[in-house]
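[1] Coordinates for the following, if possible.
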Amino acid sequence: MAHYAFLNSANIVTAVITGKDETDLSKNWEEYYGDFHNCVAKRTSYNTSANTHKNGGTAFRGNYAGIGYTYFSDLDLFMSPKPYNSWSMSTADATWIAPSAMPSDGGMYDWSEDNQTWIKLD
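    Got it, this is the predicted structure:
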């Protein structure tokens, strides 16, 4: 079985369905589901996260699409919503990167967009 993400005109994912497996070559399933639902449909891999396939296979389109994710057609990948304006996209691992690394002292931290720094949680 395969999964398909439905996109609105801004390339935002509005729904994800389970559909026909891509090994069924009787149709182009992205076109079929897109035409049927009057939108653009893109296949997404349940096994892909942060541009890594969890079973050691080939990563597909960066991340498994979720509602609210954006499909970047120029990069052919899905990204979660950008968490903060200051963060940048890492296309290598299909994640958002903070302007500075989170401290690695084992504590719990939250990003402060106002201060552009990590705040340690009690």
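
[2] Return the distance of the helix or strand bottoming out on mean pLDDT in the chain from the chain's centre.
    Least confident element among the helices and strands of the chain, by mean pLDDT, DSSP states H and E: helix 29-37 (a mean of 91). A distance of 20 Å separates the centroid of the chain from that of helix 29-37, by Cα atoms, centre = their mean, to the nearest Å.

[3] Tell me the buried residues in it?
    Buried positions in helix 29-37, judged by neighbour count with 16 or more other Cβ atoms under 10 Å: 29, 30, 33, 34. All C-beta atoms are positioned from the backbone trio N, CA, C, and that covers glycine.

[4] which one of these is nearest residue 97?
    residue 30 (29.7 Å; Cβ to Cβ).

[5] helices or strands up against the least confident helix or strand of the chain?
    Helix 29-37 is packed against strand 2-7, strand 13-19, strand 40-44, with contacts defined by 3 or more Cβ pairs under 8 Å, 6 or more residues apart in numbering; DSSP states H and E.

[6] Give me the contact list for the helix or strand just after the shortest one.
    In this case it means strand 40-44. Stepping forward along the backbone from strand 40-44, the first helix or strand reached (DSSP states H and E) is strand 48-49. For strand 48-49, contacts defined as Cβ atoms under 8 Å, 6 or more residues apart in numbering pick out 54, 59, 60, 61, 62, 63, 64.
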